[in-house]
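Participant: Okay, predicted coordinates and the sequence, questions at the end:
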Amino acid sequence: MDKTGELNILENLERKIGTLGSSSCLMSLNMMSLSMTIDICRTARYFELLLDQWQECLPLGHARDVNFSSWGGKIWDMMKEVHRVYGLHRVVLNLYEYEAESYVNFKEEQQQVGVYEATIRPAQLVAADHIPVILICSLRELAEVLMEISEFLNSPTEEQIAASFQKWSENYKKHYQRSCANRYKRWKIQYSTRTLKKHLQERMAKETEEFKTLFVNDDEFEQVFDVEQRTIDFDGLSRFLFTHTERFGVSFIDARPMFSKELLQLFNFIELWRLIQTDMQSTKKRAEQTAVIKDEIEEKVMETVKKVEQLVVQEWSKHTNVLWKKIYRTFKAEISKAGPHEKFKEYSKKTVYCIIGHLKSKGVYNKTATNVEVTKLLEGCNNGMRKYINNGLGELDLALQKRLKDFFSEEMKQIA
């Protein structure tokens with residue numbers, strides 16, 4: 001695996017410090033030390049800017065191979081090497097020198113020089129005896145910056161994790177979501193509405209298994225995916241992502257946005273899961289809409305009562321159809337099931353005929369029509385079913401009689 005730029009910078013500093021002992025004289029040593037100080041000052045500034053950037057949004061793989069805590073210790077070793085080398089030239093250094101005035105002035109001067117400028121003016125302003133001091137001070141400042149980064153990366157807050165996950169998600173949507181959605185659409189278009197649900201379920205299972213390969217065991221996987229509910233645990237996923245950054249390659253969301261293969265796989269899974277769930281719900285809704293089963297018993301009851309529609313009096317002619325639908329739906333349990341002694345088993349003709357008889361007595365149907373005529377219209381002939389027209393609700397059990405009477409009393413008030 002290639003080293004990150006951050007590790008190369010630090011290792012280059014370490015190698016340069018290691019060459020200080022090869023200086024032939026104090027003048028040569030001072031020249032090398034000045035060069036080192038410039039590099040160290042600029043490196044410290046670079047890492048300060050990185051820390052500012054990371055405090056806004058936690059990094060994913062950026063400087064993944066730098067152990068900032070151990071590099072703080074290595075900087076201390078470099079300081080001791082500077083102390084040893086200058087000691088060879090009879091220069092005594094204080095390893096605990098910090099923010100010396102000569103260092104502050106030098107740092108301000110060299111920071112005004114652009115990256116591509118070749119001037120050596122800041123170096124010309126430094127007195128020779130200040131050079132080892134500013135080198136020690138620059139190393140101490142770099143060590144503090146690296147330690148600050150180490151402390152920050154090792155203790156992210158819940159708020160930082162949530163905000164950072166949101167920013168990485170937004171960057172994915174901006175640069176990668178469309179490609180993922182287009183690939184999904186090309187895959188989906190090959191299946192008809194009838195077969196789509198089956199293939200969506202298969203695709204969901206396949207994508208879940210591939211996503212699972214990002215985790216070393218079931219325990220890790222269950223931190224980010226609720227297996228029982230079959231849903232992504234976004235809180236768990238974001239926490240896992242920023243506490244296992246070494247698993248997800250090197251990614252950037254600055255001026256050159258770039259997602260690693262592993263990070264792209266993670267966000268593609270989230271997007272595919274969203275797309276598939278949306279289509280699954282749409283398929284379910286379409287299925288529910290097209291699979292609305294008509295109530296066959298209701299249709300048969302409505303066909304029966306239409307046989308006596310010609311007997312409805314004028315003032316009720318616009319209301320009986322709606323009234324019978326309300327009757328059926330309110331007393332569906334009693335109407336849809338024939339009693340044990342009824343010969344006709346498709347529904348309870350007895351209950352329907354009793355209601356017709358009651359409505360006739362209340363003037364909904366023409367009272368001048370005889371019950372024999374009503375029975376003939378309903379049955380095609382005069383038979384024993386006439387008694388239900390004659391007796392109306394009196395043929396039904398008392399509890400049902402009361403419910404029906406209360407129902408009709410209220411309905412007729414409203415219609416009146």
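Facilitator: Structure's in. What do you need?

Participant: What ranges does the stretch 1-150 of the chain have for its helices?
Facilitator: 5-19, 26-56, 68-88, 101-111, 121-124, 131-153 (DSSP state H, counting those that start in this stretch).

Participant: Any idea which of those helices gets closest to Lys306?
Facilitator: Proximity to Lys306 (C-beta to C-beta) singles out helix 26-56 among the helices of the stretch 1-150 of the chain, at 73.7 Å. The way it works is simple: take the backbone N, C-alpha and C, and place the C-beta from them, glycine included.

Participant: So which elements touch the closest one?
Facilitator: Packing partners of helix 26-56 (3 or more C-beta pairs under 8 Å, 6 or more residues apart in numbering; DSSP states H and E): helix 5-19, helix 68-88, helix 101-111, helix 121-124, helix 131-153.

Participant: hmm, 6 Å instead?
Facilitator: Where contact means 3 or more C-beta pairs under 6 Å, 6 or more residues apart in numbering; DSSP states H and E, helix 26-56 is packed against helix 101-111, helix 131-153.

Participant: Nearest to Leu29 among those would be which one?
Facilitator: Nearest to Leu29 among the helices and strands packed on helix 26-56 is helix 131-153; the distance by C-beta to C-beta comes to 8.3 Å.

Participant: Please pull out the lowest mean pLDDT helix or strand from the protein.
Facilitator: helix 121-124 (a mean of 80; mean pLDDT, DSSP states H and E).

Participant: What's the local residue count around Gln314?
Facilitator: Using other C-beta atoms under 10 Å, Gln314 has 7 other residues around it.

Participant: likewise His199?
Facilitator: 16.

Participant: just Leu378 next, same as before
Facilitator: Neighbourhood size, Leu378 [other C-beta under 10 Å]: 21.

Participant: same deal with Gly394?
Facilitator: Gly394 has 13 nearby residues by other C-beta under 10 Å.

Participant: Where does the prediction get shaky in the stretch 1-150 of the chain?
Facilitator: Across the stretch 1-150 of the chain, the ranges flagged by pLDDT under 70 are 1.

Participant: before we move on, what about the stretch 251-400 of the chain?
Facilitator: 283-294.

Participant: what do you get if the cut-off is 80, keeping everything else the same?
Facilitator: Within the stretch 251-400 of the chain, the stretches with pLDDT under 80 are 255-256, 282-294.

Participant: Would you map the helices across it?
Facilitator: So, for the stretch 251-400 of the chain - with DSSP H, counting those that start in this stretch - the helices run 261-290, 296-306, 320-330, 332-335, 349-361, 371-379, 386-391, 398-415.

Participant: For these, state which one has the densest average packing.
Facilitator: Counting by mean count of other C-beta atoms under 10 Å, helix 349-361 has the highest mean neighbour count of the helices of the stretch 251-400 of the chain, with a mean of 23.

Participant: Residues contacting that helix, please?
Facilitator: Residues from elsewhere that reach helix 349-361, judged by C-beta atoms under 6 Å, 6 or more residues apart in numbering: Glu334, Ile335, Glu342, Tyr365, Met385, Tyr388, Ile389, Gly392, Leu393, Glu395, Leu396.
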